[in-house]
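Chemist: Sharing a sequence plus its predicted fold:
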Amino acid sequence: MNTKGIALDKSVILKQYFGYEHFRRGQEEVIDAIIARRDLLALMPTGAGKSLCYQIPALMLDGLVVVISPLISLMKDQVEALHSEGIHAAFLNSSLSRSEYADTMNRAMRGEYTILYIAPERLDHRDMHAVSAVLPVPLVVIDEAHCVSQWGHDFRHSYLEIAQFIKKLATRPTVAAFTATATPRVTDDIIRHLELDNHFFISTGFDRSNLYFEVQKPNDKYMTLLNLVREREGKSGIIYCATRANVEDIQRRLSDRGIQATRYHAGLSDVERHVNQDDFIFDRKPVIVATNAFGMGIDKSNVSYVIHYNMPKNLESYYQEAGRAGRDGEKADCILLYSPQDVQINKSLITRGAGEFHQSEDHIANNLELLKQMTFYATVGDCLRNRMLSYFGEKPPSYCGNCSNCNTQFDEIDITREAQKIVSCVYRLKERGRQFGKTMVTDILLGRSLQKIRQLKLDSLSTFGIMSDSDNHLIRLIIDELEQKGYLLSSGGDYPVLLPGGKSHALLKGESVTMMLPREKDPAQSKKPLFAARPAAGRMDPRRQADNMALFEKLKILRSGLAREEGIPAYIIFSDAALLDMCVKRPKNPKEFLGVSGVGEVKCKRYSGAFLQAIDGFRSSI
């Protein structure tokens, strides 16, 4: 099915091809800007429907739409998804054999494709310019546009060549840049490097209300992780670790406990990485343990949780990795298991990587500052969503009601006396020409008789043991709070030390300071069932809710069987959200089946028979 030369309305295309009745926030404005031939930069969170913003114009414009993406897995998924909707598309990247590459180029020259995905490294190939000489290229899309900025978390040198590629095309196309994560500084870099002309800018906001954010600081990370995974048995989840060694260890230990988990990191062979990734995508193994080498471009829609076993180096990376949960719009969990050791591991990775990639002092300092912001996220007691969205330049409310900090009861505690003791200790050390990190300062305040403390005669300090009746964890929390509020400073480098901050004098002279301290969370608090959070007209009957869950499981089994037959991931056929909508609407014929969210005409013709039969059989059995 091809619409070239047919003036279809964007709303008609949305329903006919993709099965949706309404646009999501920002989609219509972006599509209108592209059709009006305006360059644009769109900041839209993962799961906001960025791809539809250029796929719909591609069906309305004459010629070949080129999509530049660094993500081989995303290209493959997007092309398979487009084929399932009846749209002709292809990709060019290093995964193709020489004959496959030649065949794709020949078909592109004949005008058989509507959309062509291409890796940035392939842009300078003479074949691409040959295609553009034969076919009009009305639109060039740059996905993951933050990769063009060295101040972003995922800078790629090949992205700096995109502007030159566009200049060499016979006619300058409309340029549309998309990203899910960009600070104001990175946004300015994108506009400058891509040379966007009289551009339209839109930010639909970084918030994804379906994601629940939580930070835990467990004494035993592995047992906490094991319990979290067991609580989510049968659900699809990603566990991120900072190192390959951690990936190997955690995956082995989970497997030994009977959990179907696979692994992914750059140290595996290409064959094993491909097999393991497919095991996860095709739901043969619901859990994958991985380094950050995994996930870029993985369009798996039914990931219901992402757990970070180690803290990432910056909030951009964390938000992008955590955002791989809940892409179908259903509720999902993003949980970070924090320990102070994570900070030291990341500092080592930053400084070691700086030497390998010949990064400047400014770049190193920037990365260490990004790590500091990530650490604040993991350690402070205010709203996690607020802190994250504020980092990206938004002004969210201070309470979201959907993060571990907001959902835990807080008490505002006056910590003035404790803060004065801590800052005084840092001053007393400074007077002796000594500077130490948080651990040593905490040990001095607690009055621990350690060998190093005795050797340096720090047990003679007036502040030695001044907080002996306190708790190690509480002191660390207060130190982090004082650092965040400017009463203390932490030096950079591999071995940071505490220094008095600009506000320390005011504190010692009597300025009061408070902090929010969470009460213990009720361990008996249970998760809400899947259908309970779905909007409904009035209260859903418990029996109907149980029936919906039973039908949902039956439809998932049917979808898995069809996916195996066709050799494609299950979510390409229908997302979990579409199956849930089927359970609520329970269509009786193809016309009603078309009313299910996510069911377009091609999918209706292909799959309605099997799913209607399953729904009818279930209806007869209850």
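Modeler: Arrived safely, thanks for sending.
Chemist: For stretch 216-230, give the mean pLDDT please.
Modeler: Across stretch 216-230, pLDDT averages out at 95.
Chemist: Now do it: everything it contacts.
Modeler: Residues outside stretch 216-230 that contact it (Cβ atoms under 8 Å, 6 or more residues apart in numbering) are 237, 239, 250, 253-254, 257, 259, 261, 287, 305, 307, 309, 335-339, 404, 473. For every residue, glycine as well, the C-beta is placed using N, CA and C.
Chemist: What separation do you get for the residue of the chain most remote from its centre and Tyr487?
Modeler: Distance from the C-alpha centroid of the chain, by Cα atoms, centre = their mean, peaks at Ser460 (49.5 Å). As judged by Cβ to Cβ, to the nearest Å, Ser460 and Tyr487 stand 25 Å apart.
Chemist: Now intersect the contacts of stretch 216-230 with the strands, please.
Modeler: Using DSSP state E to define strands, the subset of the contacts of stretch 216-230 located there is 237, 239, 261, 287, 305, 307, 335-337.
Chemist: Which two among those are spaced furthest apart?
Modeler: Greatest spatial distance among the ones in strands among the contacts of stretch 216-230 (Cβ to Cβ): Ala261 and Leu336, at 19.1 Å.
Chemist: Look at Leu337 and report its pLDDT.
Modeler: Each residue has a pLDDT score; the one for Leu337 is 97.
Chemist: Pull out the buried residues from stretch 302-313.
Modeler: Residues 302-313 are the ones in stretch 302-313 that count as buried (16 or more other Cβ atoms under 10 Å).
Chemist: got the CA coordinates for that stretch in PDB?
Modeler: Only the C-alpha atoms of stretch 302-313 are listed here, as PDB (Å, rounded to 0.1, in the frame of the first residue of the first chain):
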ATOM      1  CA  ASN A 302       6.300  -4.100  27.200                       C
ATOM      2  CA  VAL A 303       9.300  -3.600  29.600                       C
ATOM      3  CA  SER A 304       7.500  -3.100  32.900                       C
ATOM      4  CA  TYR A 305      10.500  -2.300  35.100                       C
ATOM      5  CA  VAL A 306      14.100  -1.100  34.800                       C
ATOM      6  CA  ILE A 307      16.400  -1.600  37.800                       C
ATOM      7  CA  HIS A 308      19.800   0.100  38.100                       C
ATOM      8  CA  TYR A 309      22.000  -2.100  40.200                       C
ATOM      9  CA  ASN A 310      24.600   0.700  40.000                       C
ATOM     10  CA  MET A 311      24.100   4.400  39.700                       C
ATOM     11  CA  PRO A 312      24.800   5.800  36.100                       C
ATOM     12  CA  LYS A 313      27.200   8.700  35.500                       C
END
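Chemist: Any idea how far it is from the middle of the chain?
Modeler: Computed by Cα atoms, centre = their mean, to the nearest Å, the chain-centroid distance of stretch 302-313 equals 9 Å.
Chemist: Return the residues in contact with Asn292.
Modeler: Applying Cβ under 8 Å, 6+ apart to Asn292 gives the contacts 240, 312, 317, 321.
Chemist: go on, Ser203?
Modeler: Applying Cβ under 8 Å, 6+ apart, we find Ser203 in contact with 42-44.
Chemist: Next one: Ala33 from Ser149, what distance?
Modeler: Ala33 is 22 Å from Ser149, by Cβ to Cβ.
Chemist: And for Asp188?
Modeler: Applying Cβ to Cβ, the value for Asp188 to Ser149 is 8 Å.
Chemist: the more surrounded of the two?
Modeler: More crowded of Asp188 and Ser149, by other Cβ atoms under 10 Å: Ser149, with 24 against 13.
Chemist: With the flanking residues excluded, which residue is spatially nearest to the more buried one?
Modeler: Asp189 (3.5 Å; Cβ to Cβ, 6 or more residues apart in numbering).
Chemist: how close does the one you found sit to Leu196?
Modeler: Asp189 sits 11 Å away from Leu196, going by Cβ to Cβ.
Chemist: now swap in Ile115 and tell me
Modeler: From Ile115 to Leu196 the distance is 21 Å (Cβ to Cβ).
Chemist: for Met549, helix, strand, or coil?
Modeler: Three-state call for Met549 (DSSP: H, G, I helix; E, B strand; the rest coil): helix.
Chemist: Flag the shaky bits of this protein, pLDDT-wise.
Modeler: Within the chain, the ranges that satisfy pLDDT under 70 run 1-7, 125, 152-153, 295-298, 353-359, 409-410, 492-494, 518-543.
Chemist: out of the contacts of Asn292, which are inside helices?
Modeler: Members of these lying in helices (criterion: DSSP state H): 317, 321.
Chemist: Columns distance to Ser11 on top of the contacts of Asn292, output as a markdown table?
Modeler: Supplementary listing: those in a markdown table, determined by distance: Cβ to Cβ, whole Å:
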| residue | distance to Ser11 |
| --- | --- |
| Tyr240 | 39 |
| Pro312 | 39 |
| Ser317 | 37 |
| Glu321 | 34 |
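Chemist: Out of the contacts of Asn292, the closest to Leu14 would be?
Modeler: Using Cβ to Cβ, Glu321 comes nearest to Leu14 of those, at 29.6 Å.
Chemist: The helix or strand harbouring Met223 versus strand 236-240: what angle between them?
Modeler: Taking DSSP states H and E as the definition, one finds Met223 inside helix 221-231. Here the directions of helix 221-231 and strand 236-240 differ by 170 degrees (axes from the mean of the first three to the mean of the last three Cα atoms, to 10 degrees).
Chemist: Give me the number of neighbouring residues for the closest residue to Ala180 other than its chain neighbours.
Modeler: Leaving aside its sequence neighbours, Ala180 sits nearest to Thr46 (Cβ to Cβ, 6+ apart; 4.8 Å). Using other Cβ under 10 Å, Thr46 has 20 other residues around it.
Chemist: Mind giving me the ChimeraX command for buried ones among the contacts of stretch 216-230?
Modeler: The ChimeraX selection below is limited to those of these classed as buried (16+ other Cβ under 10 Å):
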select :237,239,250,254,259,261,287,305,307,309,335,336,337,338,339,404
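Chemist: Tell me if Ile453 really is in a strand.
Modeler: No. Counting by three-state DSSP, Ile453 is not found in a strand; it is helix.
Chemist: pretty sure it contacts Asp459?
Modeler: Yes. Under the criterion of Cβ atoms under 8 Å, Ile453 makes contact with Asp459 at 5.5 Å.
Chemist: sorry, back to before: tell me the one among the buried residues of stretch 302-313 nearest to Gly465.
Modeler: For the buried residues of stretch 302-313, the residue nearest Gly465 by Cβ to Cβ is Met311; the value is 31.4 Å.
Chemist: so how far is Val423 from that closest one?
Modeler: 26 Å.
Chemist: Listing partners with orientation, what would you give for the helix or strand where Arg263 lies?
Modeler: Element membership of Arg263, judged by DSSP H and E, is strand 261-264. Under the criterion DSSP bridges, strand 261-264 sits next to strand 287-290 (parallel) in its sheet.
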